[in-house]
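Enquirer: Fold the following.
(one chain, ligands or ions: 1)
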Amino acid sequence: KLMHAFVMRTPQGQRGWEARANAILPGGVNSPVRAWNAVGGQSLPIASANGAIVTDAAGGAYVDLVGSWGAAIAGHANPKVVSAVTRAAKRGLSFGATTEAEVELAELIRDRYAPAERVRLVSTGTEATMTALRLARGATGRDVVIKFAGHYHGHADPFLVAAGSGLATAGAPDSAGVTASTAADTMVLPYGDVDALTGAFAQHGERIAAVIAEGAPCNMGVVRPPDGFNRLIGELTRNEGAVFILDEVLTGFRAGPAGWWGIERDVALAKGEQPWVPDLVTFGKVIGGGLPVASVAGRADLMEQLAPLGPVYQAGTLSGNPVAVAAGLATLDIMDADAYATLARAADEVREGVHEALLASGVTHAVGRAGTLFSFFLGLDEPPVTFADAARQDTGLFRSLFRHMRAEGVSLPPSAFEAWFVSIAHESPITRQIVDAAGSWRPNERA
Ligand code: PLP
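Expert: Below is the predicted model:
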């Protein structure tokens, strides 16, 4: 039942495969983290995936905790999604003109996520954040964007900038090919640092077009935003005429039904407070259900600055692609209240179970959690807030855990800085298998 179908690998065959991939794809991959540089080794090509199980070309089956980096929330090849995609494909793959389904998906996003008053569909999270920043700059007539160290917003140039130390320092490029002048318009601050943020606004308020933050940071491991920090960003940006861009590409429709924002909204409402509201928000991953759909959304007056209504240009041949939109619609349709309860149960079982298992084995660790998202910081006593703290985790220990879990038939994300993604298909006994695998890890077998 658990599909423990391990097939003997021929090392020869695997080496042949790697050589072929490396000879044509830089690093053998089309996105760097897939190269397993942080954990060593290399995955065989994936042949298929179903539910919570991913199967490689040699027939090796693994419980999958990568989940297409968050998109596969309904489980791989969910039959409802596959049949919606098949039906859409038969009606035509792409028209370059608007369909009713696009309007329906945009309405669904707005209905579940109130700050999304207007929605523009794009194809990737990178496009969404890139567009959001251009929109913020166009609307404010200002240049500077504040981002937080350790937050990932895709690979557009202004976001590929690492932390300069100290308050409000102009960042240095984090990638070759990002010009110094681009980096100069990005200020990188330590996450959760109230003084750094208020100081940056006090000093440079008139130049700041936008502050961008992940709803909850999930690309330095999973970090719960410090209480009040998102609210503070909202207040400062509003008072200073800047735009608050909340990046929910990863957390949207996953951390909870209304993303990370919905979790803070509910806390505020329970306390009788007015919830804070982002000006712009970006989505991706879940809203495409495994096909390329992402979006920038937000306040109507800002969104209406976009072409063709306004002066901020943005476009895409494949934007709102009908097949991709069908996958997104079917996925959000599956994700009703019951499905979110199932997702939360899966997350709780794995997070709590692995935590207990690590405790029992005497492994120092901290659990990072934001709604149904979680990761483990090995070697840390406390969940981190800043990237500097997150970076102190023991990545060598993670490498050992990763390899052990693979040997036990569980595929973790190949980096200590990634969330462990569950889906509604991760039900017991699959969650049990994950916990048992973690329980049999002996960390002194360090790889
Ligand atoms: N923003 C966040 C928070 C992300 O996690 C990601 C991808 O992991 C992106 C943006 C970029 O999305 P994409 O990879 O679709 O370009």
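
Enquirer: burial count for Asn219?
Expert: 21 (other Cβ atoms under 10 Å). In short, each C-beta sits where N, CA and C put it, glycine included.

Enquirer: For the chain, list the residues in contact with the ligand, please.
Expert: When proximity is defined as Cβ under 6 Å from any ligand atom, the chain approaches the ligand at 69, 124-126, 129, 152-154, 214, 219, 247, 249-250, 284, 294.

Enquirer: redo that, cut-off 8 Å
Expert: 31, 69-70, 124-129, 151-155, 214-215, 218-219, 247-251, 282, 284-285, 292, 294 (Cβ under 8 Å from any ligand atom).

Enquirer: Buried subset of these as a PyMOL selection?
Expert: Applying 16 or more other Cβ atoms under 10 Å to these, the buried members can be selected in PyMOL as follows:
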select buried, resi 69+70+124+125+126+127+128+129+151+152+153+154+155+214+215+218+219+247+248+249+250+251+282+284+285+292+294
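
Enquirer: Out of the residues of the chain next to the ligand, name the ones that lie in helices.
Expert: Residues of the residues of the chain next to the ligand located in helices (DSSP state H): Gly125, Thr126, Glu127, Ala128, Thr129.

Enquirer: Name the nearest of those residues relative to the ligand.
Expert: Gly125 (2.2 Å; Cβ to the nearest ligand atom).

Enquirer: isn't the closest one right next to His155, touching?
Expert: No: applying Cβ atoms under 8 Å, one finds Gly125 not in contact with His155, separated by 9.5 Å.

Enquirer: got any ranges where the stretch 101-250 of the chain has weak pLDDT?
Expert: 162-172 (pLDDT under 70).

Enquirer: can you do 80?
Expert: Scanning the stretch 101-250 of the chain with the threshold set as pLDDT under 80 gives 162-174.

Enquirer: For it, which segments are assigned as strands?
Expert: Using DSSP state E, counting those that start in this stretch, the strands of the stretch 101-250 of the chain run over residues 118-122, 144-148, 161-162, 172-173, 186-189, 208-214, 243-247.

Enquirer: circling back: can you list the ones in helices among the residues of the chain next to the ligand in TSV and add distance to Asn444?
Expert: Shown next, in TSV, are those (distance: Cβ to Cβ, whole Å):
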residue	distance to Asn444
Gly125	39
Thr126	41
Glu127	45
Ala128	44
Thr129	42
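
Enquirer: and Gly439, what is it in contact with?
Expert: Listed by Cβ atoms under 8 Å, 6 or more residues apart in numbering, the contact set of Gly439 reads Ala357, Ala360, Ser361.

Enquirer: Angles on the backbone of it, please.
Expert: Backbone geometry at Gly439, expressed as degrees, to the nearest 10, gives phi -70, psi -20.

Enquirer: What confidence value was assigned to it?
Expert: At Gly439, the pLDDT value in this model is 98.

Enquirer: Check the gap between it and Glu408 for me.
Expert: Gly439 sits 10 Å away from Glu408, going by Cβ to Cβ, to the nearest Å.

Enquirer: before we move on, what about Gln42?
Expert: 19 Å.

Enquirer: Equivalent analysis for Val188, please.
Expert: Plainly put, Val188 is 39 Å away from Glu408 if you go by Cβ to Cβ.

Enquirer: do the same with Pro79
Expert: Distance from Pro79 to Glu408, by Cβ to Cβ: 28 Å.

Enquirer: what does Glu356 give?
Expert: Relative to Glu408, Glu356 is positioned 17 Å away (Cβ to Cβ).

Enquirer: In terms of packing, which of those two has more residues around it?
Expert: Glu408 (18 against 13).

Enquirer: my guess is the more buried one meets Ala437, correct?
Expert: Yes: if you go by Cβ under 8 Å, Glu408 and Ala437 touch, sitting 3.6 Å apart.

Enquirer: give me every residue that touches the residue nearest to the spatial centre of the chain.
Expert: Central residue of the chain (Cα atoms, centre = their mean): Leu250, 2.6 Å from the mean position. The contact partners of Leu250, taken as Cβ under 8 Å, 6+ apart, are Trp69, Gly70, Gly125, Glu214, Gly215, Cys218, Asn219, Gly284, Lys285, Leu373, Ala419.

Enquirer: so which of those comes closest to the ligand?
Expert: Within those, proximity to the ligand (Cβ to the nearest ligand atom) peaks at Gly125, which comes in at 2.2 Å.

Enquirer: I'd like to know how many residues surround the nearest residue to Glu427 once chain neighbours are set aside.
Expert: Of all residues beyond its chain neighbours, the one nearest Glu427 is Ala346 (6.6 Å), with distances taken as Cβ to Cβ, 6 or more residues apart in numbering. By other Cβ under 10 Å, 22 other residues sit near Ala346.

Enquirer: what does Ala23 give?
Expert: With other Cβ under 10 Å as criterion, Ala23 counts 8.

Enquirer: and it, what element?
Expert: Secondary-structure element containing Ala23, defined by DSSP states H and E: helix 11-24.

Enquirer: try Phe374
Expert: Counting by DSSP H and E, Phe374 is part of strand 373-378.

Enquirer: Run through the neighbouring helices and strands of that strand.
Expert: With contacts taken as 3 or more Cβ pairs under 8 Å, 6 or more residues apart in numbering; DSSP states H and E, strand 373-378 sits against helix 337-360, strand 365-370, helix 395-407.

Enquirer: now the last one: how far from the chain's centre is it?
Expert: Distance of helix 395-407 from its chain centroid, counting by Cα atoms, centre = their mean, to the nearest Å, is 22 Å.

Enquirer: now the angle from it to strand 365-370?
Expert: 80 degrees (axes from the mean of the first three to the mean of the last three Cα atoms, to 10 degrees).

Enquirer: Output the contacting helices and strands for helix 395-407.
Expert: By 3+ Cβ pairs under 8 Å, 6+ apart, helix 395-407 packs against strand 373-378, helix 430-439.

Enquirer: what are the pairing partners of the shortest one, and which direction each?
Expert: When pairs are called by DSSP bridges, strand 373-378 turns out to pair with strand 365-370 (antiparallel).

Enquirer: for the record, mean pLDDT for the partner strand?
Expert: 98.

Enquirer: List the buried residues for that strand?
Expert: Within strand 365-370, judged by 16+ other Cβ under 10 Å, the buried ones are His365, Ala366, Val367, Gly368, Arg369, Ala370.

Enquirer: and what of stretch 417-434?
Expert: In stretch 417-434, counting by 16+ other Cβ under 10 Å, buried: 417-427, 430-431, 433-434.
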